[in-house]
Every structure is written in C-alpha cells, then in structure tokens.
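1. A structural model of the following input is requested.
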Amino acid sequence: MKNGGPRRRRGGCAPGFTLIENMVALAIFAIGMMGIVYTLLEGMGLSRTSQSLTQAYVAMQEIVSMIRADSLEHSQYNDVDTSKPSSLPSTSRIAGKNLMTWMQSLQKLPGSGTAAGGYGRISVKSAAGVPPGSCPCDAKITITWAGGRKSYVVETMVGY
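-> Numbering: from 1, shown residues only. Okay, the predicted model is just below:
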C-alpha cells in the first residue's frame, strides 16, 4: 500500500495512545483538578472567616461609638456580659437600649452547629490618675462567636 491505508508501527500496531498512556494522562489531570478544587475550597473558607471578622469589627465599632456617645453613663457598660442577661442594665436607660441593640448585632455572627450568634463582654475602667467613674476611661471589649472558637478583642480609650 503506497498511500491508501493506515500506517503501522514496527510491531504491527496502529499509531495512537495505549490504555496505560491514557490512564497516566487521566491521573495527571485528576491531580491538577484536585489542586484547583482545594484552592477554591480554601478560598471559600477564608472568605467566610473574613466575613465573620468584618461583622465582629462592625459590632465592635458599634458598641464603642455607643459608649463614647453615652460618656456620662459609661459606668453602666462596666462588667457587662451579654451571655448573662442579669449583667445588663435596665432597658429604661440609654445604656440598656444600646446594649440590646448591640446584642442583636452579635446574634448575626456565625454560630457553631445549632448555636447561633455570639456574645460580648465589656469592661470600662477610669484611666490612670482619673477619679473612678470619670472620663476619660479605658474600655476592653471582647466579642466571641462560633461556639467560643473565635474572638475579637479591642482596648480603647473612651471619653475626653
């Protein structure tokens, strides 16, 4: 056959890929795809973490601005733990209303399993050299969520 039929290799086989060559190519492709899938999953996890940290930061800024706006009653925010409702001041006071609003923000944080949201702790102490109950004061705010696995802590000066 001059130009009419398929050419054959030396062993009498037609040119092309063997089963083993196809399996090796498929294995290389699968390993590459696993790397891509891993990268996508890792990126999604980082995105969720970033979103929850941003929500915690917003909740933190919210309560700091509330304490600063209510600087005449900043002692009402001392020793508050939103996981223990008995530590909250009366809702008839500005501080109580502010803390109820803050608790609603904390409930939007991601939970763990069936537990939704997070909780916060606030400690407000007068600054060094300032009489107790007077401004300026230092506030330490801790927000915890995801079943206690994640937390965000800020210490800042409140009042002028």
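
2. okay, CA-based contacts and neighbour counts for the rest of this
-> Will do.

3. ok, and the closest non-adjacent residue to Gln55?
-> Leu109 (6.6 Å; CA to CA, 6 or more residues apart in numbering).

4. For that neighbour, which residues are in contact?
-> The contact partners of Leu109, by CA atoms under 8 Å, 6 or more residues apart in numbering, come to Ser52, Gln55, Ala56, Ala116, Gly117, Gly118, Trp145, Ala146.

5. and with 10 Å instead?
-> Going by CA atoms under 10 Å, 6 or more residues apart in numbering, Leu109 touches 51-56, 59, 116-119, 143-146.

6. what's the lowest-pLDDT member of those residues?
-> Taken together, the contacts of Leu109 show their lowest pLDDT at Ala116, with 65.

7. Where is the longest helix in the chain?
-> helix 19-69 (DSSP state H).

8. State the distance from the residue nearest to Gln55 to Thr39.
-> As judged by CA to CA, to the nearest Å, Leu109 and Thr39 stand 25 Å apart.

9. try Ala146
-> Distance of Ala146 to Thr39, computed by CA to CA: 23 Å.

10. When the two are compared, which one has more neighbours?
-> Ala146 (18 against 12; other CA atoms under 10 Å).

11. So the more buried one sits against Ser52, correct?
-> Yes. Between Ala146 and Ser52 there is a contact under CA atoms under 10 Å: 9.3 Å.
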